[in-house]
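A.B. asks: Here is a sequence with its predicted model. Questions after.
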Amino acid sequence: MSARAKKGQARSSTDRIEKRVVLRAPRSRVWRAISDAKEFGTWFRMNLDGAFVAGRTVRAKVSIPGHEDMKVEMQVERMEPERYFSYRWHPYPNDPNVDYSAEPSTLVEFTLEDAEGGSSTALTIVESGFDRLPLARRAEAFRMNDAGWAGQIKNLAAYVA
Amino acid sequence: MPVFVALGDSTRLRLLGRLSVDGPLSITRLSRGTGVTRQAITKHLHTLGAAGLVRHARRGRERLWELDRRRLETAKRYLDQISAQWDAAVDRLRAFVEDPPRGYTGRTLGEVRLVRPQRTPRGGSRQ
């Protein structure tokens, strides 16, 4: 999976979700917000049990009211300071009675590049690996997610052309 | 058969497109004009069937294939949800790192004037 941010339109695919955004903050600031577990937890809305370190598994609890029991595990893969951060997880709420370690995970990659002469940061977020997820998990995730995220759902283009 | 594996093929996507537009069709009609062998079309339909995206039924002497819309809707809704969650997370990250947040005016004589934050056009396509 390429870590480079693509110029122009991102190719759509059933296997991945890609977001590109220019943030009006320097790369060092954006990197800190992404790679520092406390800062990450603040905007991502999770309480993390430790720092992001390559190879480490961080346990997190979702800090959204009404969903505090949702636990997530993030396996940190690679960290290149101020450039790239990646982790693996299961993108659906984790039932505490289920062992997800054997199930396919998705890969989340953050790639940072300078923009606007360095005063801004071009951030690309890619989550990939959806093709390997069994449909049953996704249907279950949809039922559990729908109630909680109702306020955030937006209209999105169809992915089946 | 994971749905997204079944969808990750252009011939299978075209088959779904045809069934979506033309309704239930036989393999003969689905193969016509595609340049793909009837045998290959049959295999593709069985792959889609294993993923729960299509089903077949007998109409008289013919076997017709049709979309199972519910499965497709569930898979699409799931990706849409994940995508929307990332959109919301990116909005929160922006508010967290940008100083001052885009769209807000500065102070004027001790008064802070706020305007609706402007959305910036993003550089890539959203799914």
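C.D. replies: Structure received.

A.B. asks: In the helix ranked longest in chain B, which residues are buried?
C.D. replies: Using DSSP state H, we find that the single longest helix of chain B is helix B:69-97. The neighbour-count check on helix B:69-97 (16 or more other CB atoms under 10 Å in any protein chain shown) flags B:71-72, B:74-90, B:93-94, B:96-97 as buried. Placement of C-beta: from N, CA and C, glycine included.

A.B. asks: Stretch A:73-92 now?
C.D. replies: For stretch A:73-92, by 16+ other CB under 10 Å, it's A:73-76, A:79, A:82, A:84-92.

A.B. asks: Tell me the spacing between the residue positioned nearest the centre of chain B and chain A.
C.D. replies: Nearest to the centroid of the C-alpha atoms of chain B, with distances taken as CA atoms, centre = their mean, sits B:Lys76, at 4.7 Å. Distance of B:Lys76 to chain A, given as CB to the nearest CB, to the nearest Å: 7 Å.

A.B. asks: just the CA coordinates of stretch A:44-62, formatted as PDB?
C.D. replies: Only the C-alpha atoms of stretch A:44-62 are listed here, as PDB (Å, rounded to 0.1, in the frame of the first residue of the first chain):
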ATOM      1  CA  PHE A  44     -10.500  11.300  17.800                       C
ATOM      2  CA  ARG A  45     -12.600  10.900  21.000                       C
ATOM      3  CA  MET A  46     -10.900   7.900  22.500                       C
ATOM      4  CA  ASN A  47      -9.100   7.300  25.800                       C
ATOM      5  CA  LEU A  48      -5.900   5.500  25.000                       C
ATOM      6  CA  ASP A  49      -4.000   3.400  27.500                       C
ATOM      7  CA  GLY A  50      -0.500   4.400  26.400                       C
ATOM      8  CA  ALA A  51       1.800   6.000  23.800                       C
ATOM      9  CA  PHE A  52       1.900   5.100  20.100                       C
ATOM     10  CA  VAL A  53       5.100   3.100  19.600                       C
ATOM     11  CA  ALA A  54       5.900   1.100  16.500                       C
ATOM     12  CA  GLY A  55       5.000  -2.600  17.100                       C
ATOM     13  CA  ARG A  56       2.900  -1.800  20.200                       C
ATOM     14  CA  THR A  57      -0.800  -2.500  20.700                       C
ATOM     15  CA  VAL A  58      -2.700   0.400  22.200                       C
ATOM     16  CA  ARG A  59      -6.000  -0.300  23.900                       C
ATOM     17  CA  ALA A  60      -8.600   2.400  23.700                       C
ATOM     18  CA  LYS A  61     -12.100   3.100  24.900                       C
ATOM     19  CA  VAL A  62     -14.400   5.300  22.900                       C
END
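
A.B. asks: That stretch and chain B, any residue contact?
C.D. replies: Yes: judged by CB under 8 Å from any CB of the partner chain, stretch A:44-62 and chain B are in contact via A:Phe44, A:Arg45.

A.B. asks: For that stretch, buried residues please.
C.D. replies: For stretch A:44-62, by 16+ other CB under 10 Å, it's A:Phe44, A:Arg45, A:Met46, A:Leu48, A:Phe52, A:Val58, A:Ala60, A:Lys61, A:Val62.
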